[in-house]
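A.B. asks: Need coordinates for the below:
(one chain, ligands or ions: 2)
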Amino acid sequence: MGRPIGIDLGTTYSAVSMLGEDGTPTILPNREGGRITPSVVYFQDDGSVLVGEMAKRSAAVNPLDTVEWVKRHMGNPDWRFEAPNGVVHTPESVSALILKRLKEDAELYLGDGAVRDVVITVPAYFDDAKRRATKDAGRIAGLNVLRVLNEPTAAALAFGAEKERDGTFLVFDLGGGTFDVTVMNIRNGVLDVMGTDGLHELGGKDWDDRVMIWLNREFQAAGGPDLMATFEDEAMLRDRSETAKRTLSQALTTKVPLSAGGVTRTLSLTRDTFEEITSDLLNQARDMTISLVEELGLGWSHVDQILLVGGSTRMPAVPRMLEVVAGRKPQVAGNPDEVVSLGAALQAGLEAPGRDDTPPLVVKDVTSQGLGVIALDADTGQERNFTIIPRNTKIPAKRSEGFSTVVDGQTEINIRVTQGDDDDPTYVKLIGTQTIEIPPYPKGAPIGVEYAYDIDQIVFISVYDYSAQTLITSFEVTNDANLSADDIDDAHDDNRNTEVN
Ligand SMILES: Nc1ncnc2c1ncn2[C@@H]1O[C@H](COP(=O)(O)OP(=O)(O)OP(=O)(O)O)[C@@H](O)[C@H]1O
Ligand SMILES: [Mg+2]
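C.D. replies: Ligands and ions are numbered 1, 2, ... in the order given. Model (predicted):
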């Protein structure tokens, strides 16, 4: 049985690491010798699939048979992809194909038996449904997922374990598809996450999109056809746009050759223009970073180091913005595309069955999403979202809230589980509902709702009948119970049948 490995399952690129005999993690190269593998799957007509570099190249030629950025769809019950052979895929099954490929490449490289136990990283801001989907993807790929670990925590683990440095760190992780900002404290061997925030739809891809729009407009102004009109042209434009963006991290200007409909033009894009057309994207990340530091009651003088993680932090505008905000230069935490996977390998080493020596760092992470329940507020007579576990609570976490029945002889209560921190039900996300039978009591019978977050931030719910002192039921918010937009509207109109004590 092979040793456990760490996998950074990224939106655009994935990386695999393992602890060496000396306890330091190293990257396991893929079968092509690459240290990172594009998270791209190309479905061929005969039912076979290509994953990685070859699939990424095929995206430009066969965009309709290729899936990219599947991580953005994790936890979305409505997303489906039909392969050319008619097989319908879910985000989990496509992610599983990527994981399977990473597993096989690791086995090929190690040559010493099957890889089974893994730690997979997820953005800190991933919610319950996305975390479950990630674990399911691992299971479908034949892996035993020891943990899902937050990406910024993994990065800090790799950085902290290496440097044995105490202090307060801000991890600024801007990858291909997601943005995460996390503040943590490392002291006496304990990595204490203080708070986290993020946007799961902000990443390098959005910068690429802006370049695409700009280039397409210029190309048309120069007499060319609309490059977004065909999938093939659009895929070519995307490829050129990402290359242009990367070039502008090194150079002040780049020349982009474009050709379609018999028109060939070479366009010039400067770094200034690039930064101008993407400034609002960077501002979103900046504002969220500033608010998190404020929310934690910290000043920038309390933050000892700013760590840059994720390939998109190579854009010069990122460290420049952070230096303006924090008054100090941020630091590059190793190789920004590899550090998360190295941290996952460290955690995998800690989680490995049979391990009993003291780990170099103990991790205390926090919840990234508040959890609540919708009920009637006795004071106002209005429906309100009652937060039961606020975000940034240490995990594992368990909290309960008391409610009471609203009519005599009530035999059912409807638990509406929400995610978010707002009191107003319209500003939180309904992540599950469950109707529960109770014995008939006079109005006002006390009911307890207990929420628990496990170490992977997966949610478990228990409902108690306080009159009988019994547990009525326990349930999980499963992916199947994940609601589409229609269900959410229905559920908001449901009977208001619980009230606060
Ligand atoms: N030199 C560079 N300049 C600008 N952007 C870059 C550079 N190198 C890589 N990137 C961008 O970084 C992104 C990939 O980063 P990374 O591998 O950290 O993301 P990921 O792990 O796939 O995504 P996520 O963490 O969001 O799931 C891509 O959008 C890529 O274009
Ligand atoms: Mg990443």
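
A.B. asks: could you point out the longest helix in the chain?
C.D. replies: Taking DSSP state H as the criterion, the chain has its longest helix at helix 91-110.

A.B. asks: Tell me if the next helix or strand after it is near ligand 2.
C.D. replies: Once helix 91-110 ends, the next helix or strand along the chain (criterion: DSSP states H and E) is strand 117-122. No - Strand 117-122 is not in contact with ligand 2 by CB under 5 Å from the ion; minimum separation 7.4 Å. In short, each C-beta sits where N, CA and C put it, glycine included.

A.B. asks: Could you list every helix and strand in contact with the longest helix of the chain?
C.D. replies: Helices and strands touching helix 91-110, by 3 or more CB pairs under 8 Å, 6 or more residues apart in numbering; DSSP states H and E, are strand 5-8, strand 13-19, strand 37-38, strand 41-43, strand 49-51, helix 128-140.

A.B. asks: Same list, those, but as CSV with mean pLDDT, mean neighbour count and distance to residue 96 please.
C.D. replies: Formatted as CSV, those follow (pLDDT from 0 to 100; neighbours: other CB atoms under 10 Å; distance: least, CB to CB, whole Å):
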stretch, mean pLDDT, mean neighbour count, distance to residue 96
strand 5-8, 97, 31, 12
strand 13-19, 96, 26, 13
strand 37-38, 98, 23, 15
strand 41-43, 97, 25, 10
strand 49-51, 96, 21, 11
helix 128-140, 96, 22, 4
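
A.B. asks: follow-up on the earlier one: list the buried ones in the longest helix of the chain?
C.D. replies: Residues of helix 91-110 classed as buried: 91-107, 109 (neighbour count, 16 or more other CB atoms under 10 Å).

A.B. asks: Any stretches of this protein with poor pLDDT?
C.D. replies: Scanning the chain for pLDDT under 70 picks out 1-2, 161-164, 352-360, 478-501.

A.B. asks: Mind jotting down where the helices sit in it?
C.D. replies: 53-61, 91-110, 128-140, 151-163, 204-221, 231-247, 271-277, 279-295, 317-326, 339-351, 485-493.

A.B. asks: Run through who's touching the longest one.
C.D. replies: Taking CB atoms under 8 Å, 6 or more residues apart in numbering as the criterion, the residues outside helix 91-110 that touch it are 2, 5, 7, 9, 14, 16, 18, 28-31, 37, 39, 41, 49, 51-52, 67, 70-71, 73-76, 79, 81, 113-115, 118, 120, 133-134, 136-138, 140-143.

A.B. asks: how about it, does it get close to ligand 1?
C.D. replies: No - Helix 91-110 stays clear of ligand 1 (CB under 6 Å from any ligand atom), getting no nearer than 11.0 Å.

A.B. asks: Hey, what's the angle from that helix to strand 13-19? Just curious.
C.D. replies: 50 degrees (axes from the mean of the first three to the mean of the last three CA atoms, to 10 degrees).

A.B. asks: separation between the residue nearest to residue 160 when sequence neighbours are not counted and ligand 1?
C.D. replies: Excluding its sequence neighbours, the residue lying closest to residue 160 (CB to CB, 6 or more residues apart in numbering) is residue 186, at 4.7 Å. Distance from residue 186 to ligand 1, counting by CB to the nearest ligand atom, to the nearest Å: 22 Å.

A.B. asks: Spatially, what comes nearest to the residue nearest in space to the middle of the chain if we skip its sequence neighbours?
C.D. replies: In the chain, the residue lying closest to the centroid (CA atoms, centre = their mean) is residue 123, at 3.1 Å. Excluding the flanking residues, the one nearest residue 123 by CB to CB, 6+ apart is residue 178, at 4.4 Å.

A.B. asks: Now for that neighbour: which residues touch it?
C.D. replies: So residue 178 contacts 11, 71, 123, 125, 198-203 (CB under 8 Å, 6+ apart).

A.B. asks: Please consider this matter closed, and thank you.
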